[in-house]
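Undergrad: I'll drop the sequence and a predicted model, then ask my questions.
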Amino acid sequence: EPIKDDVILCQSDKLGNLDVVGNRCTDNDAGTIYVSTCAGGTVANNRVSNYNATVASSGNGIDINDSNDLTVSGNLSYGNGAAGILVAGNCNRISITGNVCKNNKKVSAINNHRGGITFGLVSGTTMSDIMVSGNVCDDDQGASTTQLYAIDVKNDGGTFSNIMTWLARGKTNRDIAEIL
């Protein structure tokens, strides 16, 4: 039976080495797996889908905010209202590897989280030492494609440094180097 509530992982920088592994989460009204102000841990081998046609705020599959020293790997994030994986705010030493992000951004009114993997910065925030490697970001819905980019960067005045990215496969890849 899928978990029907948001999985809130970490909301204190005093907590570290938090592992969220092997969960199945679907149909929430906001985010599915949410990590905020966390210092260390792993989000791995989870299956998340977060699109509820009756809720206009259906959100991201995996949501990482203002966190450090995290590994996000081996997750299947599909059919979400917004991004498959979102990394936002002040984030350092984040590794995003071997995930599948498929057919996301189901809510057309959401304009900022358009990719399988999306990075979001606002003025005054910094991301550094981010590794994105071996992920599969795809949209196979034909004429009804919703996931606009494999990797999307939404930068409204933040600072990036030491960002490395390699895709295993993606039909719509926005080259991170062009945006930085």
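TA: That came through fine. Numbers count the residues shown, from 1 in each chain.
Undergrad: name the nearest residue to residue 23, ignoring sequence neighbours.
TA: Nearest residue to residue 23, sequence neighbours excluded (C-beta to C-beta, 6 or more residues apart in numbering): residue 46, at 4.7 Å. Glycine gets a C-beta too; all of them are placed from N, C-alpha and C.
Undergrad: also residue 148?
TA: residue 114 (4.2 Å).
Undergrad: give me the pLDDT value at that neighbour.
TA: With respect to pLDDT, residue 114 has a value of 79.
Undergrad: can you check the one 5 residues further on too?
TA: pLDDT, the model's per-residue confidence, is 91 for residue 119.
Undergrad: do the same with the one 10 residues further on
TA: At residue 129 the predicted local distance difference test score is 91.
Undergrad: the one 4 residues further on now?
TA: Per-residue confidence at residue 133 stands at 89 (pLDDT).
Undergrad: quick check: neighbours of the helix or strand containing it in the sheet, parallel or antiparallel?
TA: In this structure, residue 133 sits in strand 126-138 according to DSSP states H and E. Looking at strand 126-138 with DSSP bridges, its partner strands are strand 91-97 (parallel), strand 100-102 (parallel), strand 159-170 (parallel).
Undergrad: count the neighbours of the residue nearest to residue 148 for me.
TA: Counted by other C-beta atoms under 10 Å, the residues lying close to residue 114 total 19.
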